[in-house]
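1. Whatever this is, show me its structure:
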Amino acid sequence: MPRRPESFNEVAELYDRARPLYPRAIVDDIVALTGAQPGDRVLEIGCGTGQITVPLAERGVRITALEPGTELAAIARAKLAAYPDAAVVELRFEDYDLPAEPFDLVVSATAFHWVDPRIRVAKSAMALKPGGFLAIIHTHWGVGEERDPFGTQSQSCYEQWDPETEPGFVLPVIADLPATNAELDDSPCFGSIEHRLYEQPNHYSTAGYLDLLRTFSNIQGLAPAAREGLLTCLGQLLDGEFGGKLVRSDTRELWLARANGVS
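-> Numbers count the residues shown, from 1 in each chain. The predicted structure is shown next:
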């Protein structure tokens, strides 16, 4: 079954509760590298429940956060109630009419891969003033400096219950991640590309980790019996081999590119 971005909206409250927040260092670096100032105009693509929207709003920027999921948008809007310069708009980026006044920064956190690849980079450039920045954050679950033991041991559960699992799949480590971004490198719209990685150790109980998995689109897309079989298998592994506690490194990846003023 294909992954669906709409699946996140179906578990919005769980998504907000179970997903770890982004490291503050990412926002610190975006602000430092772009020179963002209070009052700057920011467009966020796919804000979810506001995990990175709120720390950006705390910096005093004027942020327009796009989120097509009604339930996700409602949670983000409630979190942003204290920030009058933050607005949540229930639209996909593909359907958003760019305003006449360009933005200083476009940011997308663990959402850019859901945007139509035929237009996402070019439209981001169109949204920006010359010299503005596009910040794309990807999340690599279970990827750290060292090979993840839980990822290795859990492979048998996935092979048993998820028909799309690649036999013998091994999670990469940080050193395996690509150091270039062809989509940005090949675009005439952007230059001065900065790349940074942030390893983030996250602590989970068995229940907390299974709740996290329930927010993943590939898990949501499984048939109910397969989904429950997989989660039961993983829960037994966590309780039996890991004592019901999991410390797992996830890596957040930042790509920051400066607009050339070409669209």
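
2. Give me the distance between the closest residue to Glu145 other than its chain neighbours and Thr232.
-> In space, Glu145 comes closest to Ile174 once its chain neighbours are excluded; the distance is 5.4 Å by Cβ to Cβ, 6 or more residues apart in numbering. Placement of C-beta: from N, CA and C, glycine included. Counting by Cβ to Cβ, to the nearest Å, the gap from Ile174 to Thr232 is 31 Å.

3. Give me the residues contacting the helix or strand of the chain with the lowest mean pLDDT.
-> Within the chain, judged by mean pLDDT, DSSP states H and E, the helix or strand with the poorest mean is helix 6-10; its value is a mean of 86. If you take Cβ atoms under 8 Å, 6 or more residues apart in numbering as the criterion, helix 6-10 is touched by 15, 48, 68-72, 215, 217, 220-221.

4. can you do 10 Å?
-> Surrounding helix 6-10, the residues in contact under the criterion Cβ atoms under 10 Å, 6 or more residues apart in numbering are 4, 14-15, 19, 46, 48-49, 67-74, 111, 114, 214-221.

5. Would you map the strands across the chain?
-> Counting by DSSP state E, the chain has strands at residues 41-45, 62-66, 86-89, 103-109, 128-140, 190-205, 245-259.

6. elements contacting the fourth one?
-> The contact analysis (3 or more Cβ pairs under 10 Å, 6 or more residues apart in numbering; DSSP states H and E) places strand 103-109 against helix 24-34, strand 41-45, helix 53-57, strand 62-66, helix 120-127, strand 128-140, strand 245-259.

7. Please tabulate these in CSV, including the columns mean neighbour count.
-> Shown next, in CSV, are the helices and strands packed on strand 103-109 (neighbours: other Cβ atoms under 10 Å):
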stretch, mean neighbour count
helix 24-34, 17
strand 41-45, 25
helix 53-57, 22
strand 62-66, 22
helix 120-127, 21
strand 128-140, 21
strand 245-259, 20
